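**Student:** the sequence isn't on hand, but the structure is:
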């Protein structure tokens, strides 16, 4: 299971790994079974049918390795315990991105999805403590700084599941050599490492919506407490519902211009982070980065400059 971190390349990695003929995954962007009480109480057989077997028979996937993804798992002790009780031998994958870049990307992702109503990153950071004191679960998508403090969460995963079952990968590792990362994970899963996935396609790239208000209203419509949404979902298979949701959100995105130019961002992409804000956050994250570097035995000094 890929358990973090948000906006660190998890969607791309999942789709690369899922190309392997001996691996099967869910069509939905996230498996929320362990995270959502209303799903967890229905049991794993229900979750298996929803996420893995909707268009397949058990015979089609009984010999395959299953991969799931939810990028908020490692931040919740309760959710970690649920996964441990389900399968203490599970392999967990954590992608780790330089935390300031990750946090800033997460802010614009939340703006794009209609989760964030605060119009500047700095104001959102100032509101974070109050939000988290109110309810982390409610504001988990907007916990930009908190979700970038990796050390305690990675340490907890290693303590609970064992170092041999927790695979920490830097986002730059995935960018520089995705094939090697996939082969490493294929090997630990016990499937053939000779298979080479098709690389190159990027998922969940940063862009701006045509209308943030539309995305906010659409997100409210999708909320589980909406009775109309519950009625509609009774008549739509889950895979179809997720495809429709993605199509609507993609339709509301502005065209991606100059996304990979490496020079100036396009008019439809987020602006660069304020240099003073970046410097302050670099200083904030530095002690946590140093603890993580020692834990993993990796040089993360580039994250501090």
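**Tutor:** Right, received. Where do you want to start? These numbers were taken from a predicted model, which means no experiment stands behind them.

**Student:** poorly predicted segments of the stretch 51-200 of the chain, please.
**Tutor:** 54-60, 200 (pLDDT under 70).

**Student:** can you do 80?
**Tutor:** Applying pLDDT under 80 to the stretch 51-200 of the chain flags the ranges 54-60, 62, 200.

**Student:** could you pull out the strands for it?
**Tutor:** 65-67, 92-96, 166-170 (DSSP state E, counting those that start in this stretch).

**Student:** for the closest residue to residue 61 other than its chain neighbours, helix, strand, or coil?
**Tutor:** Using C-beta to C-beta, 6 or more residues apart in numbering and skipping residues adjacent in sequence, the residue nearest residue 61 is residue 24, 4.7 Å away. For every residue, glycine as well, the C-beta is placed using N, CA and C. Classification of residue 24 by DSSP: H, G, I helix; E, B strand; the rest coil places it in strand.

**Student:** my read: residue 24 touches residue 62, true?
**Tutor:** No: Residue 24 lies out of contact with residue 62 (C-beta atoms under 8 Å); the separation is 9.8 Å.

**Student:** look at these two and report which has more neighbours.
**Tutor:** Applying other C-beta atoms under 10 Å to residue 24 and residue 62 shows that residue 24 carries more neighbours, namely 19 against 10.

**Student:** let me know the pLDDT of the more buried one.
**Tutor:** Residue 24 carries a pLDDT score of 95 in this model.

**Student:** which one of the strands of the stretch 51-200 of the chain is the most hemmed in?
**Tutor:** When you average the neighbours per residue for each of those (mean count of other C-beta atoms under 10 Å), strand 92-96 leads with a mean of 24.

**Student:** quick revisit: state the distance from the residue nearest to residue 61 to residue 167.
**Tutor:** 19 Å (C-beta to C-beta, to the nearest Å).

**Student:** and residue 190, by the same measure?
**Tutor:** Distance from residue 190 to residue 167, counting by C-beta to C-beta: 14 Å.

**Student:** now do residue 61
**Tutor:** Plainly put, residue 61 is 23 Å away from residue 167 if you go by C-beta to C-beta.
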